[in-house]
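1. how would this look folded up:
(2 chains)
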Amino acid sequence: MKPALLAFVAALSLLAACGGDNQRLVGNDEYGDWRQGRARNRPQGASAGIVVFGVDKDREAREAAANGGGSGLSVNAYLWRATLDTLSFMPLASADPFGGTIITDWYSPPSANGERFRAQAYVLGRQLRSDGVRVQVFRQTLDHGQWVDSPVSASTNSDLEDKVLARARELRSQSASR
Amino acid sequence: MRKILLGTTAVVGAALLAPAVAEAQEAPTVRIGGFFRAYYGNTQQSGRNSTVPSGLANNTSPADGNLRQAIVAGTPTTETNVGTNPGHVGRLSKNDFSTDAEVHVFVNGKTANGLSYGAVIEIAFNQQEGRNIVQQRASTGKTTASIDEMYAFVASPMWGQIRFGDEDGPVGGLMNSGVITNFGTGGIYGDRESFVSRQANVRTTTSPGSLGDNTKIIYLSPQFFGFDFGASFAFNYNEGEDTGCPSNQSSGWCDSSYAFTGAASFGVAAAGPNMSVRRNEYQGALRWRGSLAGVGLSVTGGYVGSGAAKELSPLNVQRSVFQPLGVWQVGAQASAYGLTVGAQYEHGASNFFWGNLLKGDRPMDQFFAGASYTVGPFTIGGNYLIQTVEGASRTTFGYNAAGVLTATPNAGGAALMRRLGYGIGANYRLAPGLDIVAEYSSYTVAERGRDLDPSNPGVQDRNTAKVFILGTRLAF
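-> Presented below is the predicted three-dimensional model:
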């Protein structure tokens, strides 16, 4: 009996390896949860229960489905507005609220005529979180009448990101207190 | 600044890049789930008589093991009713409330290469079926917390899933088809046993889940062309951490003893301590799921087998007194438009509680059928089972004065035991996870010529427990 069963299992394992497109992982909620026949109809497996530690992706998805559609923004509204506010001292070249990109035109600060800056900002998702925005600043300097690329100080990008996040926090707390 | 933002703002919205992120690493989440239920039960059960209370244990002697009435000169006796009219014994009340809950902890995570992993720990509060007074002020409560199941898993779309821990096996609950219990509290496999006492064994069923969640390693394949399969192995019937040995002596209490004195009486697992002669248990199941013309179908075939511990005589002679456990199982179910029907058949060497048969005993056959219908918040259903199994064993094993194992044929002759029952039930969904349930079930054990209820005069060869349940259940 045992050898036959083992051979059977081995053969099936080999078959399983040939599945290709017809193969998929069986979800934890597709197995009987025998003792919990008593707790039927609750979500099982990875979406069971209430999250006490970590990010509840199911809840995010539910809320996104509930909030989404009508707003016209597919990225976090606070981060989006905060980024626009923060970069508003530069002329705007393009802003795509669906892709979450903001690209400014070249801008020369009045105090420094020999250099100009341009910024690209990406709002990365629907969540208001500190890694949800990325700012990239480009700098050129005037050299013999030609604009040439030159490095930006390392902290510039993250300083701008911090400014965006601070502004987003303001906006969030304003809307929360209303 | 970033930390402040992270700490002071709520996380809202969903990940824009959700599909792309799905394959990426996910930090583990810890979830709490579980259930609570409270029922009223009305029970009509044969032989549900009050009995002599067991003696309390002290440091030198254990509590009386059995709550059955003493028989004095052929007459059942109780403390207040010795020798007189034996029919006048106090019955247990028909009415009772019953509560139960479990708290489940789920850990889930995913590595950067797409490997899912996690653990499930289920904390139950029904550790003790019977009230037990060890000593004054040194006893455990009936609602003491214990572990129902606990296991860890790793899963990959390529090679499937491995579970390792105290968990049901593929045949014993994970992959069965045709066992329709999604109504009421589960019908004949439901919570009825919360209200039934042990007289005449009308409490115990051979449900898939009662095969046990002993510590095992389980492989569950990916699904391919509708097929998936599972296999498991366990060294013995036990779960949890330690060896089970209560002293420095190797004995039958030890999880891994393969021969012990008195093994012959542990074919049916002892209630509570998970003590049984089952050894080297393996399960295998193959399942197909698909749909034909809008009808969802599921078919499972499986096998569970095991060896058994041997009887060890005082003369240190080992004797094999058990047959290997070996039960085939096939089941199928179909569902469409809210209607689900299913049936399951099992045949093989097993007693009425998934235990090893003594040598010479007849195999078990069991047929189960059920149906349920869901419309809106209502689900109604019913299920039925009939089992034929060895009754009083054909042989009694013991030792003679010289310490030699003796096999005594059962004087009364061997008889077929029939166990049959049905349940009908309904639930109404008040809110997601919150149900009102109502259920009626009846379970009968019958064996010609054998007195299943020695507490009552005469030969009681048929015993029935009927339970009506009304209550609520919240899953969270």
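
2. Point me to the residue sitting closest to the centre of the chain.
-> Answering for chain A, as no chain was given. A:G125 (3.3 Å; Cα atoms, centre = their mean).

3. other chain: chain B
-> B:S210 (2.4 Å).

4. That one looks like it's in a helix, true?
-> Yes - assessed by DSSP: H, G, I helix; E, B strand; the rest coil, B:S210 belongs to a helix.

5. Next, the closest residue to it other than its chain neighbours: secondary structure please.
-> Closest residue to B:S210 apart from its sequence neighbours, by Cβ to Cβ, 6 or more residues apart in numbering or on different chains: B:W354 at 6.1 Å. All C-beta atoms are positioned from the backbone trio N, CA, C, and that covers glycine. Under three-state DSSP, B:W354 falls in the coil class.

6. where's B:W354 relative to B:F322, distance?
-> 13 Å (Cβ to Cβ, to the nearest Å).

7. Compare those two and say which is more crowded by neighbours.
-> Comparing B:W354 with B:F322 by other Cβ atoms under 10 Å in any protein chain shown, the one with more neighbours is B:F322, at 28 against 25.

8. For the nearest residue to that one once chain neighbours are set aside, give me the pLDDT.
-> Distances taken as Cβ to Cβ, 6+ apart put B:A308 closest to B:F322, at 3.5 Å, once the chain neighbours are dropped. Note for B:A308: predicted pLDDT of 95.

9. quick one: B:A308 and B:G326 touch, right?
-> No - here B:A308 does not reach B:G326: they are 11.0 Å apart, not a contact under Cβ atoms under 8 Å.

10. Those two: which is more packed in?
-> The residue with more neighbours, out of B:A308 and B:G326, is B:A308; 26 against 17, by other Cβ under 10 Å.

11. Show me what the more buried one is bridged to.
-> B:R278 (DSSP bridges).

12. Can you tell me how far B:M275 is from B:Y151?
-> Taken as Cβ to Cβ, the span from B:M275 to B:Y151 is 21 Å.

13. more crowded one of the two?
-> B:Y151 (21 against 18).

14. Check the secondary structure at the more buried one for me.
-> Going by three-state DSSP: B:Y151 is strand.

15. what bridges to it?
-> Counting by DSSP bridges, the residues bridging with B:Y151 are B:V120, B:G165.

16. Please identify the pairing partners of the strand or helix carrying B:T379 and their relative orientation?
-> Using DSSP states H and E, B:T379 falls within strand B:378-390. Using DSSP bridges, the strands paired with strand B:378-390 in its sheet are strand B:364-375 (antiparallel), strand B:416-431 (antiparallel).

17. which parts of the strand of greatest length in chain B are buried?
-> Ranked by number of residues, the top strand in chain B under DSSP state E is strand B:26-45. For strand B:26-45, the neighbour count (16 or more other Cβ atoms under 10 Å in any protein chain shown) marks B:26, B:29-31, B:33-37, B:39, B:41, B:43, B:45 as buried.

18. show me where pLDDT drops low in chain B?
-> Applying pLDDT under 70 to chain B flags the ranges B:1-24, B:49-90, B:132-136, B:271-273, B:412-414, B:455-456.

19. Okay, buried residues for the strand ranked longest in chain A please.
-> Longest strand of chain A, by residue count under DSSP E: strand A:133-143. Neighbour-count burial for strand A:133-143 flags A:V133, A:R134, A:V135, A:V137, A:R139, A:Q140 (criterion: 16+ other Cβ under 10 Å).

20. That strand packs against which elements?
-> If you count contacts as 3 or more Cβ pairs under 8 Å, 6 or more residues apart in numbering or on different chains; DSSP states H and E, strand A:133-143 packs onto helix A:77-86, strand A:115-123, strand A:146-150, helix A:154-177.

21. Tell me which of the strands paired with strand B:378-390 sits nearest to B:Q283.
-> Closest to B:Q283 of the strands paired with strand B:378-390, according to Cβ to Cβ: strand B:364-375, at 16.3 Å.

22. Can you identify each of the strands in the stretch 1-150 of chain B by residue range?
-> Per DSSP state E, counting those that start in this stretch, the stretch 1-150 of chain B carries strands over the ranges B:26-45, B:70-72, B:75-77, B:95-110, B:116-124, B:146-156.

23. quick one: contacts of the last one?
-> It stands for strand B:146-156. For strand B:146-156, contacts defined as Cβ atoms under 8 Å, 6 or more residues apart in numbering or on different chains pick out A:25, A:28, A:35, B:102, B:114-127, B:161-168, B:213, B:218, B:239-240.

24. List the buried residues in it.
-> Buried-residue list, strand B:146-156, by 16+ other Cβ under 10 Å: B:I147, B:D148, B:E149, B:M150, B:Y151, B:F153, B:A155, B:S156.

25. got the contact list for the residue nearest to B:F322?
-> B:A263, B:G267, B:V277, B:R278, B:R279, B:S320, B:V321, B:F322, B:Q323, B:P324, B:L325, B:N356.

26. Repeat the analysis, applying 6 Å as the threshold.
-> Contacts for B:A308 were tallied using Cβ atoms under 6 Å, 6 or more residues apart in numbering or on different chains; they are B:V277, B:F322, B:N356.

27. Not counting its neighbours along the chain, what's nearest B:F225?
-> Here the residue nearest B:F225, using Cβ to Cβ, 6+ apart, is A:N22, at 4.9 Å.

28. B:G226 is in contact with the one you found, correct?
-> No - counting by Cβ atoms under 6 Å, A:N22 does not reach B:G226; the two are 8.2 Å apart.
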